[in-house]
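> Structure for the following, please:
(chains A, B, C and D)
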There are 2 protein chains.
Amino acid sequence: MIRKNIDLLNFISNLKEEEHLYFIEENCTSKTIIAQQDTRTKWVYIIKQGIAKCSLNDDNGNEFIQEFFSEGMKFGELEVFNNKAIYCAMIAITNVVYYKISHENFTALLNSNKTFNTIVLKSLVTKLSEKGPRFAFQQNRTIKDNIFKLFQEFPTVLNIIPKQDIANYLGITLRSLNRSLNDLQIVKPETE
Amino acid sequence: MIRKNIDLLNFISNLKEEEHLYFIEENCTSKTIIAQQDTRTKWVYIIKQGIAKCSLNDDNGNEFIQEFFSEGMKFGELEVFNNKAIYCAMIAITNVVYYKISHENFTALLNSNKTFNTIVLKSLVTKLSEKGPRFAFQQNRTIKDNIFKLFQEFPTVLNIIPKQDIANYLGITLRSLNRSLNDLQIVKPETE
DNA sequence: CGCGTAATTGAAAAGTATCAACACTGGTGG
DNA sequence: CCACCAGTGTTGATACTTTTCAATTACGCG
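Next up, the predicted model:
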């Protein structure tokens, strides 16, 4: 649910000065729209710290959250290859520190640096191989099954992510989420 | 819904003799299981002709169809990178002609041949960028909306793919599919 | 304290699945 | 040539799940 890619962060911090300059560090506060859906951008983004949601909004005002991104997750790289407008939005949930790298430098690094090429390939593969099972499970099980599984994997999610976002991630209404949490007797863990 | 990747087929047929031998041609009849879920394989498969379903089955007997694959779609490449058992099955719907290439040769080609590297990257990107919107739409709309959209994009689907498979692709029951088809007055086109 | 955002809850309406019976089709063997 | 069978498709009635709507409460922050 909350994805990370430490390899990529390590790779960046170990880059020699010259190539490290490709990556520009910025930060933003909670709720900032880091990248806007349906616009064109020249940047690929990589989360350094914090949590953001990668979400897809349709005309009816429905928000579908694909994943929550944390350390090392990159975003906007698909647009380097297919040269289209970005097809989903990236919105900060907590305060976020991130890198951005231009399409040109991204492509250059991809062609010149075999390690980077492999890391990018693997990250695409990982994203792909996680999406399938997630949607399969989500479609074929009841809401309760899905919530139960989610809270097993991630017991503290209520302390980190707003309920509406959790509901949008699961593709259900807030009402249904609340009912199921009651039935399953799941409560927000105390933070001490 | 039925994916193709002509670039990859062209690439293969233009390969020089030596590298073309990497790709072994085979064929099978309808309903053959080309690749079995949760097993390990040393092959990457590429459809040359026909249609197969890429599906994910769970313990409860539910089948979730990720996509229907046609000319040029490759399958099993994720396992080259993450070295796990294949996580979904590939089952022929029509008679199918396909290539297979070993993991070793796939990797070799990926490293030695820049065109191939790009084609593989792009195919991953395409798969990724199609999955998100599909599930977003599927989750946030009614069954009828989904069916209407599907039959707009693909009016002849009833002539090609069994109804149960269409239902599994949409994540609904056959009963619901039939009811909605009635309501929408969608009928199987005559084949002449 | 007051405001806006987030969370909670009940009742009614809408959407979907489940179950079971039946129809159609093409192929096979007597 | 007909009877049978398996696979595929069709349909109605009912039960269940989930959403919608609306009213209310809790919380954090200036």
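> Check the contact between residue A:24 and residue A:99; I expect there is one.
Yes: using Cβ atoms under 8 Å, residue A:24 is in contact with residue A:99, at 6.5 Å. In this view, the C-beta of every residue, glycine as well, is placed from N, C-alpha and C.
> Neighbour count for those two, which is higher?
Using other Cβ atoms under 10 Å in any protein chain shown as the criterion, residue A:24 and residue A:99 rank with residue A:99 on top: 21 against 12.
> separation between residue A:25 and DNA strand C?
Residue A:25 is 27 Å from DNA strand C, where distance means Cβ to the nearest atom of the strand, to the nearest Å.
> Run through who's touching the helix or strand hosting that residue.
Following DSSP states H and E, the helix or strand that holds residue A:25 is strand A:24-28. The contact list for strand A:24-28 (Cβ atoms under 8 Å, 6 or more residues apart in numbering or on different chains) reads A:34, A:48, A:92, A:95-101.
> repeat that for 7 Å
A:34, A:48, A:92, A:95-100 (Cβ atoms under 7 Å, 6 or more residues apart in numbering or on different chains).
> so of these, which ones are in helices?
Judged by DSSP state H, helices contain none of the contacts of strand A:24-28.
> Can I get the residues you listed in CSV including distance to chain B and pLDDT?
Listed next are those as CSV, based on distance: Cβ to the nearest Cβ, whole Å; pLDDT from 0 to 100:
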residue, distance to chain B, pLDDT
A:34, 17, 94
A:48, 22, 96
A:92, 19, 95
A:95, 26, 93
A:96, 21, 95
A:97, 25, 95
A:98, 20, 96
A:99, 20, 97
A:100, 19, 96
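> Most neighbours among these, please name it.
That'd be residue A:98 among the contacts of strand A:24-28, by other Cβ under 10 Å, with 26 neighbours.
> how about the residue nearest the centre of chain A, phi and psi?
For chain A, residue A:69 is the residue whose C-alpha lies nearest the centre (Cα atoms, centre = their mean; 2.8 Å). Note on residue A:69: backbone dihedrals following degrees, to the nearest 10 are phi -110, psi 140.
> can you list the domains in chain A?
A:2-129, A:141-183 (automatic domain parsing).
> Those domains: which one's closest to residue B:111?
domain A:2-129 (8.0 Å; Cβ to Cβ).
> Run the chain-centre distance for the closest one.
8 Å (Cα atoms, centre = their mean, to the nearest Å).
> okay, how far is it across that domain, tip to tip?
Domain A:2-129 has an end-to-end distance of 15 Å (criterion: Cα to Cα, to the nearest Å).
> State the distance from residue A:59 to DNA strand C.
For residue A:59 relative to DNA strand C (Cβ to the nearest atom of the strand), the value is 18 Å.
> Over to that residue. Which of the three states is it?
Here residue A:59 is coil, with the state taken from DSSP: H, G, I helix; E, B strand; the rest coil.
> Can you read off the pLDDT for it?
If you check residue A:59, the pLDDT there is 79.
> cool, residue A:191 as well?
Confidence for residue A:191, expressed as pLDDT, is 58.
> and residue A:106, what does it touch?
A:44, A:77, A:80.
> Most neighbours out of these, which is it?
residue A:44 (23 neighbours).
> May I see the buried residues of the helix or strand hosting that one?
Per DSSP H and E, residue A:44 falls inside strand A:43-49. By 16 or more other Cβ atoms under 10 Å in any protein chain shown, the buried positions in strand A:43-49 come out as A:43-48.
> Could you give the backbone dihedrals for residue A:14?
Torsion angles, degrees, to the nearest 10, at residue A:14: phi -90, psi 0.
> quick one: it from residue A:113, how far?
12 Å (Cβ to Cβ, to the nearest Å).
> more crowded one of these two?
residue A:113 (15 against 10).
> overlap between the contacts of residue A:106 and the residues near DNA strand D?
Applying Cβ under 7 Å from any atom of the strand to the contacts of residue A:106, one finds that nothing falls near DNA strand D.
> Out of these, which comes closest to residue A:108?
Nearest to residue A:108 among the contacts of residue A:106, with distances taken as Cβ to Cβ, is residue A:80, at 11.0 Å.
> Which helix or strand contains the closest one?
Counting by DSSP H and E, residue A:80 is part of helix A:78-82.
> so does that helix get close to chain B?
Yes: Helix A:78-82 lies within reach of chain B by Cβ under 7 Å from any Cβ of the partner chain, at A:78, A:81-82.
> would you list these in a markdown table and tack on neighbour count and pLDDT?
A markdown table is the format used below for those (neighbours: other Cβ atoms under 10 Å in any protein chain shown; pLDDT from 0 to 100):
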| residue | neighbour count | pLDDT |
| --- | --- | --- |
| A:78 | 23 | 93 |
| A:81 | 20 | 91 |
| A:82 | 13 | 87 |
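> Tell me which helix or strand comes right after the host helix or strand of residue A:139.
Following DSSP H and E, one finds residue A:139 within helix A:114-140. Using DSSP H and E, the next helix or strand after helix A:114-140 towards the C-terminus is helix A:143-153.
> thinking again about what came up before, let me have the contacts of strand A:24-28 in CSV, adding distance to residue A:3 as columns.
Converted to CSV, those look like this (distance: Cβ to Cβ, whole Å):
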residue, distance to residue A:3
A:34, 16
A:48, 14
A:92, 15
A:95, 18
A:96, 14
A:97, 17
A:98, 14
A:99, 16
A:100, 18
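> In strands only, show me those residues.
A:34, A:48, A:92, A:96-100 (DSSP state E).
> closest to residue B:3 among those?
residue A:34 (30.3 Å).
> I figured that closest one was touching residue A:89, is that so?
No: counting by Cβ atoms under 7 Å, residue A:34 does not reach residue A:89; the two are 8.2 Å apart.
> burial count for residue A:59?
So residue A:59, with other Cβ under 10 Å, has 5 neighbours.
> for residue A:161, same thing?
Residues near residue A:161, counting by other Cβ under 10 Å: 20.
> One more: residue A:117?
The burial count for residue A:117: 17, using other Cβ under 10 Å.
> Could you check how far it is from chain B?
Per Cβ to the nearest Cβ, to the nearest Å, residue A:117 is found 7 Å from chain B.
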